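Participant: 3D, please:
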Amino acid sequence: MRPRVYLAGPEVFLPDPPAAAARLQRLCADHGLEGVFPLDQAVAPRDGEPPSGHAARIRAANLDLIRGADLVIANVTPFRGPSPDDGTVYEMGFATALGRPVFAYSDDPRSLLERTRSLMPVSERDGVWRDGQGMMVEEFGLPVNLMLVDPATGGVHAGAEAAIGAAAAWWRDRAGAPQPR
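Facilitator: Numbers count the residues shown, from 1 in each chain. The predicted model follows:
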């Protein structure tokens, strides 16, 4: 039985999510993993259902997929700003709380500071980087907020294939020992 991998990321918002899912699932299969995509358990709206009810059912379905996964691979490439998709970040935290290993990747190797500077004015004052509102912009040289690096097994990988390969190697090194569900 191949380890199940939940594929977290903003791919569900792309013009062709099934194509993105197929690509990621193919990469997983090439590495001996079973990729599970959020839309694999698609939740259609019910007649007369308010958007909030539909959203709650989508969230519950995705959390069930994470509960049933052995690992999570998360796309933390910047989404609508310098940081990752907030839904992906939530899924990373949920998986971490369940004790699931999380492998993150980004297609943008720049640090969070560099990403932020490319989108808005940022200046250094007294050794601290601040945005136009005076808010600190963290600078640890990391591609994402420091809270996302520690849960990410092996840090943030350069691209999906690297993260999937690292996840497969991690699993093999543990002799395929099942993780608690």
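Participant: quick test: name the residue nearest the centre of the chain.
Facilitator: The centre of the chain sits closest to Ala74, judged by C-alpha atoms, centre = their mean, with a distance of 2.4 Å.
Participant: enumerate every residue touching that one.
Facilitator: Shown in contact with Ala74 (C-beta atoms under 8 Å, 6 or more residues apart in numbering): Ala8, Gly9, Pro84, Thr88, Glu91, Met92, Val102, Phe103, Ala104, Tyr105, Ala152, Ala163. The way it works is simple: take the backbone N, C-alpha and C, and place the C-beta from them, glycine included.
Participant: can I assume it sits in a strand?
Facilitator: Yes - under DSSP: H, G, I helix; E, B strand; the rest coil, Ala74 sits within a strand.
Participant: hang on, the earlier thing: filter the contacts of Ala74 to the buried ones?
Facilitator: Ala8, Gly9, Pro84, Thr88, Glu91, Met92, Val102, Phe103, Ala104, Tyr105, Ala152, Ala163 (16 or more other C-beta atoms under 10 Å).
Participant: pretty sure the fifth one sits against Leu65.
Facilitator: No - at 9.3 Å, Glu91 and Leu65 do not qualify as touching, with contact defined as C-beta atoms under 8 Å.
Participant: anything in contact with each of the two?
Facilitator: In contact with both Glu91 and Leu65: Tyr6, using C-beta under 8 Å, 6+ apart.
Participant: so which of the buried ones among the contacts of Ala74 is the closest to Arg115?
Facilitator: The nearest member of those to Arg115, counting by C-beta to C-beta, is Pro84 at 10.4 Å.
Participant: next, Asn17: phi, psi?
Facilitator: In this structure residue 17 is Pro, not Asn. phi -60, psi -40 (degrees, to the nearest 10).
Participant: that one: what's it in contact with?
Facilitator: Counting by C-beta under 8 Å, 6+ apart, Pro17 has contacts Glu11, Phe37, Leu39.
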